[in-house]
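Visitor: model the following, please.
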Amino acid sequence: MSEARPHQHWCSQGSVAVLGAGMALPGLPISTETLLDMAGLEGKQRSLAIAVAKRLGVRTRHVGRSWRARADILRQGCSNADLAADAMRAALRDAGFGAGDLGYLIAHTATPAQPLPSNAALVADRLGYSGPHVELRQACTGFANALMIAFGLLKEPDARPVAIVGSETGSVFLDVDALDDAQGQLVNLVQMGDGAGAIILGPAAARQEYIHAAWFGAMGLGRHPGLQMRHGGSDRPALLGAGPLVFEHDFAAIGRSGAALFEAGAAVAEANGAALAHVDHIIPHQASGRIGLQLASYFGLPDSRFFVNADRIGNTGSAAIWIALAELRAQGHARGSRTLVLGAEATKYMHGGFVHVVP
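Guide: Alright, predicted model coming up:
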């Protein structure tokens, strides 16, 4: 057997029609100052958090956390499954469908309501959807693997619509008592936001907006994770009274790898006829409110071509791409416009994307 080639990726062939999209955010936008009041941050750490938020360009975000305790819960109606179901309802309305019209439901999240049953099953209950469903445990590039599945399911021209929903409620995976000792948690506090985004897809059809050239690739073979949650799995079960689960960042490693992930994605896109210079809009991974300016400078493109909403809603992880696409679609696309998605994920250095076309 031959050795694996580095930086392999999978690219789905053909196209799928976009029938509808939607999003859901918990509550009103929260400013950095208000967020720090909720977290009880004062003094030097508060000043540092404000500086970090400004550097990231994140002015507001939406969070479902109740801010009552160290090991906290989400407010009523703001659970992961609640937000995912709300985003799905918005997408179904946009498509003119009911839940019974769907043939398959695909969900992806890094912050499910509980380990079992899957978050997708809880979403199905809320929607009254009785059909098949599956869930991917993945963060910022969950959308790409969900598309790999959807493309396969929609190959037949009479296939029933497939729904994809990405959702995150990471605000409760934060230990407010450790903010003085863990700078990474401070970054998570001001950078991240809760939310959900959904899309309804069908078999390709003439004169219908569509997605093509969807891909997923991994560059993390043998590398230490840039983002991880080490406790809560079967290797390290969460012990009663051990405190809340938290995400851990290796910010230096992530910083060194960001350009390579976007370069890899840009190369795949160009190989599939969607060079960065020849598309109308680019939706990058919503790592920060400044990601558009940074990538515009890096690739030598006008920053107006990059669509970024992380300055308003933070980095919503697995939900980010679908939320951004739903917002951009709501603004209206000119006929013939093309949008390129460049997703990236730090967990094990993965990239993914697709091209969205309005014929």
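
Visitor: just confirm Ala17 is within a strand.
Guide: Yes. Ala17 forms part of a strand when assessed by DSSP: H, G, I helix; E, B strand; the rest coil.

Visitor: tell me the pLDDT of it.
Guide: Ala17 is assigned 98 on the pLDDT scale.

Visitor: the least confident helix or strand in the chain by mean pLDDT pairs with which strands, parallel or anti?
Guide: When each helix and strand of the chain is scored by mean pLDDT, DSSP states H and E, strand 248-249 comes last, with a mean of 84. In the sheet, strand 248-249 lines up against strand 227-228 (antiparallel) (DSSP bridges).

Visitor: identify the residues contacting the partner strand?
Guide: Ala139, Phe247, Glu248, His249, Asp250, Ile254, Glu345, Ala346, Thr347 (Cβ atoms under 8 Å, 6 or more residues apart in numbering). In this view, the C-beta of every residue, glycine as well, is placed from N, C-alpha and C.

Visitor: go again with 10 Å.
Guide: 110, 139-140, 184, 188, 247-251, 253-254, 317, 345-349 (Cβ atoms under 10 Å, 6 or more residues apart in numbering).

Visitor: just the buried residues out of these, in ChimeraX syntax.
Guide: ChimeraX command restricting these to the buried ones, with burial defined by 16 or more other Cβ atoms under 10 Å:
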select :110,139,140,184,188,247,249,250,253,254,317,345,346,347,348,349
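
Visitor: what's the domain layout of this protein?
Guide: Per automatic domain parsing, the structural domains of the chain span 16-203, 208-357.

Visitor: deepest-packed of those, please.
Guide: Mean neighbour count (mean count of other Cβ atoms under 10 Å) peaks for domain 16-203 among the domains of the chain, with a mean of 20.

Visitor: quick one: end-to-end distance for it.
Guide: 5 Å (Cα to Cα, to the nearest Å).

Visitor: before we move on, what about stretch 333-343?
Guide: End-to-end distance of stretch 333-343 (Cα to Cα): 21 Å.

Visitor: averaged pLDDT, it. What do you get?
Guide: pLDDT averaged over stretch 333-343 gives 93.

Visitor: about what we covered before: for the next helix or strand after the least confident helix or strand of the chain, name the packing helices and strands.
Guide: Next in sequence after strand 248-249, counting helices and strands by DSSP states H and E, comes helix 251-271. On a contact count with 3 or more Cβ pairs under 10 Å, 6 or more residues apart in numbering; DSSP states H and E, helix 251-271 meets strand 9-11, helix 183-191, strand 210-218, strand 227-228, strand 281-284, helix 291-299, strand 338-345, strand 350-357.

Visitor: which one of the ones you listed lies nearest to Gln45?
Guide: For the helices and strands packed on helix 251-271, distance to Gln45 was read as Cβ to Cβ. The smallest value, 6.7 Å, belongs to helix 183-191.

Visitor: who does the helix or strand that the closest one is followed by touch, helix- and strand-wise?
Guide: Using DSSP H and E, the helix or strand that follows helix 183-191 in sequence is strand 195-203. For strand 195-203, the contact count by 3+ Cβ pairs under 10 Å, 6+ apart identifies strand 15-24, helix 80-95, strand 104-109, helix 142-153, strand 162-168, strand 210-218, helix 320-330 as packing neighbours.

Visitor: report the distance from strand 195-203 to the chain centre.
Guide: The chain centre lies 12 Å from the centre of strand 195-203; the measure is Cα atoms, centre = their mean, to the nearest Å.

Visitor: what angle separates it from strand 350-357?
Guide: Calculated by axes from the mean of the first three to the mean of the last three Cα atoms, to 10 degrees, strand 195-203 forms an angle of 60 degrees with strand 350-357.

Visitor: still on that earlier bit, which residues touch the least confident helix or strand of the chain?
Guide: By Cβ under 10 Å, 6+ apart, the list of residues contacting strand 248-249 reads 182-185, 187-188, 191, 225-231, 346.

Visitor: can you pick out the most distant pair from these?
Guide: Among those, Gln191 and His231 lie farthest apart (Cβ to Cβ), at 20.9 Å.

Visitor: check contacts around the residue most central in space within the chain.
Guide: Nearest residue to the geometric centre of the chain (Cα atoms, centre = their mean): Ser318, 2.5 Å. Applying Cβ under 10 Å, 6+ apart, we find Ser318 in contact with 80, 107-111, 136-143, 146, 165-168, 170, 195-197, 345.

Visitor: same thing with Pro132?
Guide: For Pro132, the contact set (Cβ under 10 Å, 6+ apart) comprises Leu102, Gly103, Tyr104, Leu105, Ile106, Ala120, Ala124, Leu153.

Visitor: mind showing which ranges of the stretch 101-250 of the chain have poor pLDDT?
Guide: 180-183, 238-243 (pLDDT under 70).

Visitor: change it to 90
Guide: Residue ranges of the stretch 101-250 of the chain with pLDDT under 90: 174-186, 227, 229-250.

Visitor: tell me the contacts of Ser297?
Guide: Asp303.

Visitor: same check, this time on Ala81
Guide: Contact analysis of Ala81 by Cβ under 10 Å, 6+ apart lists 107, 109, 112-114, 118-127, 165, 167, 169, 196.

Visitor: ok, and the closest non-adjacent residue to it?
Guide: Among residues not flanking Ala81 along the chain, Leu122 sits closest, at 3.7 Å (Cβ to Cβ, 6 or more residues apart in numbering).
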